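# Sequence unavailable; structure follows:
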Ligand SMILES: [Zn+2]
């Protein structure tokens, strides 16, 4: 790597200095927001210099002097970016928010300039054309192909005017994406529902009251109770609160995040949809959805839509039947009103009690956060032989963050795992996995630093943190992503870990959720937080039997979001003048039940509008579910959910393989064939 000639100010900048922390992690305690602007400036300039040198190389293009050289470049930029994005998502502040608005278009412009660079593209194209004679390994051939596709998709093959327009679109989209997510965050921070006295708290179980007290305390309202707009606060309230008026009040604000007021996102959406359509056209695709999916496992919007449509009809039918049953419940209770969207979770909970003899409140006392973390670790030990132990002294971005060292079956250091589990006002909502450093072994073995961010409610006064079954499932999901990064074993950074297509990347995470559903794991880790008793067999049986309960609702709210996402991005000109009207019309076309709202309405649909990553790709979760439902059956067919030969294949072809093969090839290597939708429909109880 080129040595940066550091100015005195740069030498004092912890982002640019050598990281001498244990495991060379970012020295978070020393990093101040004002360090980022100069660090980005230096790292961007350094990377630009490296890439210019590669493009200008007089030597005949070779894999080594072109692809490997690109892979070796920009390491400092990767470091600074990773530290920045970790903070911007999980522990932001005014200074970082301002910086994010400034830096995100700059980063996009930087990467666009590289992927549209004519000198680089000529070299990469020459290599791709002559690849047969290069004597490349399978992994090298794959990396070369991925680069060639990335350059082409960025528009490197187009004329100068088109490239200039693409660059302008890219920068504008980046700025809009940042604005979108910051407005959602602002709306979420701005609102809490205060609960005054027993009357307002009616129906809420103890642990939710404790969480509401903890949320109030965090906002300087000690001794009071508030509900926030984070999913892990709002959903339980809607499930238990007896006060119908309060459910309605919260629900209306919750589903209107990003819509109306000073943080209105609808104009941002309209502009993004239009710019994306224009970009797709410029690079030769009829729509943004065609552009995005051409490089995904689904390949075409029709394939993605086909799967969603197959699930829609039975899911809608199931949801409508459940709706009628709940209306009957309301009538039997003497209620004189029609079930509304803010009633669904409340009456679904009652219906579940009736049908499955199971209340969510019976389960939560058994799902303590620390034990569920241990359960996720134990699952990995039994499948892959890895061990996880806490480490002290590693700098973190917030005192709540915990760090573990992960070792492989042979005792080899695999990486560090950071867990950031609790909601706080400085954190984006949702749950995600990301890395501070990715695995590679181009010049030497580099092991990853991987983190999970979740938004669980804290226990009161440091007391036990109890999770819903959904929360526990999310924990397993994100740890599945983390394993995909931690166990990565590839040479080239470009295809490391989770560097796979969006509709394949949810396979390792969603597959991992299946082990939470096994008696083997529940018996050992679902232990009552007060009595220490393991979850009784009878309760485990009921819990597992109730898995398909309310799947009509859950499938409908998800599929509706995925279809609306595809609809926005299937407009050839991207013309949407009235975002709310467009959404409404799209939902009308599919017969969306009045009592169900999209899981993510457009104005706060961060997946799709906070950046391009899941745009026209929210279907990915269900696409991956076809894979994970079928993949778990491989263990069931073997008669053991920890079957060693199956786990070995899973590790080899999926969890450690990164993007070293095309997704359909990787899956076929693991399973011997591609899956059908049957396992998914069966798992959701929709067959
Ligand atoms: Zn995921």
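Received it, and whenever you're ready, just let me know what you need. Just so it is clear, the structure is predicted and the values come from calculations on it, not from any experiment.
# From now on I want contacts and neighbour counts done on CA atoms only, so please keep to that.
Will do.
# How about residue 445, nearest residue that isn't a chain neighbour?
Distances taken as CA to CA, 6 or more residues apart in numbering put residue 439 closest to residue 445, at 7.7 Å, once the chain neighbours are dropped.
# show me what contacts the one you found?
Residue 439 is in contact with 445-448, 485-486, 488-490, 493, 496-497, counting by CA atoms under 8 Å, 6 or more residues apart in numbering.
# possible to save those residues as a markdown table with pLDDT and distance to residue 189?
Formatted as a markdown table, the contacts of residue 439 follow (pLDDT from 0 to 100; distance: CA to CA, whole Å):
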| residue | pLDDT | distance to residue 189 |
| --- | --- | --- |
| 445 | 97 | 42 |
| 446 | 97 | 38 |
| 447 | 98 | 36 |
| 448 | 98 | 32 |
| 485 | 98 | 31 |
| 486 | 98 | 33 |
| 488 | 98 | 36 |
| 489 | 98 | 40 |
| 490 | 98 | 41 |
| 493 | 97 | 37 |
| 496 | 98 | 35 |
| 497 | 97 | 33 |
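# Out of the residues you listed, which end up buried?
446-448, 485-486, 488-490, 493, 496-497 (16 or more other CA atoms under 10 Å).
# Could you tell me how far residue 540 is located from residue 516?
Counting by CA to CA, to the nearest Å, the gap from residue 540 to residue 516 is 11 Å.
# overlap in contacts of these two?
residue 522.
# Between these two, tell me which one has more neighbours.
Set side by side, residue 540 and residue 516 show more neighbours around residue 516, with 22 against 19, by other CA atoms under 10 Å.
# close enough to count as contact, the more buried one and residue 475?
No: using CA atoms under 8 Å as the test, residue 516 is too far from residue 475 to be in contact (9.7 Å).
# what's the residue nearest in space to the middle of the chain in contact with, if anything?
Residue closest to the mean C-alpha point of the chain, counted by CA atoms, centre = their mean, is residue 432 at 4.4 Å. Neighbour list for residue 432: 452-454, 478 [criterion: CA under 8 Å, 6+ apart].
# Give the PyMOL command for selecting the buried subset of the residues you listed.
The buried subset of the contacts of residue 432, as determined by 16+ other CA under 10 Å, is captured in PyMOL by this line:
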select buried, resi 452+453+454+478
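# So which of the contacts of residue 432 belong to strands?
452-454 (DSSP state E).
# before we move on, back to that, tell me the residues that contact both of residue 516 and residue 475, please.
residue 376.
# on that earlier part again, quickly note the distance from the residue nearest to residue 445 to residue 318.
Residue 439 sits 44 Å away from residue 318, going by CA to CA.
# now swap in residue 362 and tell me
Taking CA to CA as the measure, residue 362 falls 25 Å from residue 318.
# higher neighbour count, the two?
residue 318 (20 against 12).
# if I look at the more buried one, how far off is residue 325?
To residue 325, residue 318 is 11 Å away according to CA to CA.
# tell me the pLDDT at the residue nearest to the centre of the chain?
For residue 432, the pLDDT comes out at 96.
# can you check the one 3 residues further on too?
What the model reports as pLDDT for residue 435 is 98.
# And for residue 538?
Model confidence at residue 538, expressed as pLDDT, equals 94.
# what lines up beside the helix or strand in which residue 433 is found in the sheet?
Element membership of residue 433, judged by DSSP states H and E, is strand 432-437. Note on strand 432-437: by DSSP bridges, its sheet partners are strand 449-456 (antiparallel).
# Quick check: mean pLDDT of the partner strand?
Rounded mean pLDDT across strand 449-456 is 96.
# Wait, residue 139 touches residue 660, no?
Yes: Residue 139 is within contact range of residue 660, at 5.7 Å (criterion: CA under 8 Å).
# out of the two, which sits in the busier spot?
Neighbour totals were compared for residue 139 and residue 660, and residue 660 leads with 28 against 16 (other CA under 10 Å).
# And that one, how far from residue 347?
According to CA to CA, residue 660 and residue 347 sit 47 Å apart.
# Check residue 287 too.
Here the criterion is CA to CA. By it, residue 287 lies 41 Å from residue 347.
# Repeat that for residue 119.
Plainly put, residue 119 is 63 Å away from residue 347 if you go by CA to CA.
# which of these two has more neighbours?
residue 347 (22 against 16).
# Could you look up the SS state of the residue lying closest to residue 175 once chain neighbours are set aside?
Nearest residue to residue 175, sequence neighbours excluded (CA to CA, 6+ apart): residue 105, at 5.4 Å. In three-state terms, and counting by DSSP: H, G, I helix; E, B strand; the rest coil, residue 105 is helix.
# tell me the contacts of residue 105?
Per CA under 8 Å, 6+ apart, neighbours of residue 105: 170-175.
# try it again with 10 Å
Listed by CA atoms under 10 Å, 6 or more residues apart in numbering, the contact set of residue 105 reads 111, 168, 170-178.
# Mind checking which of those residues are in strands?
Those of these lying in strands (DSSP E): none at all.
# any chance of those residues in JSON lines, with neighbour count, distance to residue 461 and pLDDT too?
Below are the contacts of residue 105 laid out as JSON lines (neighbours: other CA atoms under 10 Å; distance: CA to CA, whole Å; pLDDT from 0 to 100):
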{"residue": "111", "neighbour count": "17", "distance to residue 461": "46", "pLDDT": "97"}
{"residue": "168", "neighbour count": "16", "distance to residue 461": "51", "pLDDT": "96"}
{"residue": "170", "neighbour count": "23", "distance to residue 461": "47", "pLDDT": "95"}
{"residue": "171", "neighbour count": "19", "distance to residue 461": "46", "pLDDT": "94"}
{"residue": "172", "neighbour count": "18", "distance to residue 461": "45", "pLDDT": "97"}
{"residue": "173", "neighbour count": "25", "distance to residue 461": "43", "pLDDT": "97"}
{"residue": "174", "neighbour count": "25", "distance to residue 461": "41", "pLDDT": "95"}
{"residue": "175", "neighbour count": "22", "distance to residue 461": "40", "pLDDT": "95"}
{"residue": "176", "neighbour count": "24", "distance to residue 461": "40", "pLDDT": "97"}
{"residue": "177", "neighbour count": "23", "distance to residue 461": "37", "pLDDT": "97"}
{"residue": "178", "neighbour count": "21", "distance to residue 461": "35", "pLDDT": "95"}
